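> Here is a sequence with its predicted model. Questions after.
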Amino acid sequence: MEIAGAILAEGRDALLHSDLVAARRKLEQLEKADPTMQLAEALRNSIETAEQQAASVAAVDRRRDNLESLLESHRLEEAERELARLSATGLAKVSVESYRLRIADIAALAARDARAQEFERAYKEKVQARDWYAARDIVLDFEHSIPDSPRPTLLFNEISRLEEVHRRQQGIEQGVQQLENYLRLKKRAEAELAFKIVLQMDPEYPRRAEFENRIQSLPR
């Protein structure tokens, strides 16, 4: 019994350190050393309880890992179901509430992103149509709806830049039309002035050489 008592103490020490493998080995030794089998039965019960607890902890850890994966991939409906299962296993209330807040935060960010994408889509449509006023109205709504987003400021700047490019292109096209008209009418002075204006707007105008030759061919 003295030997059995020592083995029991070693088995319980193994359990205290969560070493279930060592505890099982001590149980095998104790079953041979304990003439009454009462000590062995007590250690067996303790080991089985510890194994059940370890299995429960492992199951909770697996669910938490799965929940983290669902949160990272923004699969919120599945995450909520997994959280409900975790809550049923007795997960600490503070942990459950923490996960609920994270789900709510991710959902809010997802809704914000979806709203921002809708503004971006509408903005692109107006820009492609060169409807600068409508584009600015959309960006203004964007700014009011999501005031902490940096995108509206960038879009406002983009509109100004695109509008300037468009106006410049329109000016060049109008200047070229006037130039073509003066060339047809053989008005050299007017054609030279119109050509000068075009070059001021676009010094690298691709038809520059062509127009220079056509102007030079006109009578003075």
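Yes, it's here.
> can you list contacts of stretch 110-130?
74, 76, 132, 134-135, 138-139, 141-142, 145-146, 149, 151, 155, 158-159, 162, 166 (CB atoms under 8 Å, 6 or more residues apart in numbering). Quick note: C-beta positions are derived from backbone N, CA and C, even for glycine.
> now that stretch: how far from the chain's centre is it?
Centroid separation for stretch 110-130 versus its chain: 17 Å, with CA atoms, centre = their mean, to the nearest Å.
> Quick one: mean pLDDT over it.
Averaging pLDDT along stretch 110-130 gives 94.
> Show me which positions of that stretch end up buried.
116, 119, 122, 123, 126, 127 (16 or more other CB atoms under 10 Å).
> And stretch 101-108, by the same measure?
102, 103, 106.
> do stretch 13-31 as well
So for stretch 13-31, counting by 16+ other CB under 10 Å, buried means 14, 15, 23, 26, 27, 29, 30, 31.
> I figured the fourth one hits residue 43, correct?
Yep, that's residue 26 we're talking about. Yes - applying CB atoms under 8 Å, one finds residue 26 in contact with residue 43, separated by 7.0 Å.
> How far away from the center of its chain is stretch 25-33?
57 Å.
> Repeat that for stretch 78-87.
In terms of CA atoms, centre = their mean, the centre of stretch 78-87 is found 22 Å from the chain centre.
> pLDDT on that stretch, on average?
The model assigns stretch 78-87 a mean pLDDT of 86.
> Tell me where the protein has strands.
Remark: strands of the chain are absent; assignment by DSSP state E.
> circling back to that earlier point, overlap in contacts of residue 26 and residue 43?
Joint contacts of residue 26 and residue 43 (CB under 8 Å, 6+ apart) are 8, 11.
> Need the max-distance pair from the buried residues of stretch 13-31.
15 and 31 (16.2 Å; CB to CB).
> can you list the buried residues of stretch 13-31 in a markdown table and add pLDDT and distance to residue 5?
Below are the buried residues of stretch 13-31 laid out as a markdown table (pLDDT from 0 to 100; distance: CB to CB, whole Å):
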| residue | pLDDT | distance to residue 5 |
| --- | --- | --- |
| 14 | 82 | 15 |
| 15 | 77 | 16 |
| 23 | 82 | 16 |
| 26 | 83 | 12 |
| 27 | 81 | 14 |
| 29 | 83 | 12 |
| 30 | 74 | 9 |
| 31 | 82 | 14 |
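> Residue 64 and residue 87 touch, don't they?
No - with contacts counted by CB under 8 Å, residue 64 stays clear of residue 87, the gap being 11.6 Å.
> still on that earlier bit, and the contacts of stretch 110-130, which of them are buried?
Using 16+ other CB under 10 Å, the buried ones in those are 76, 132, 135, 138, 139, 142, 146, 149, 151, 155, 159.
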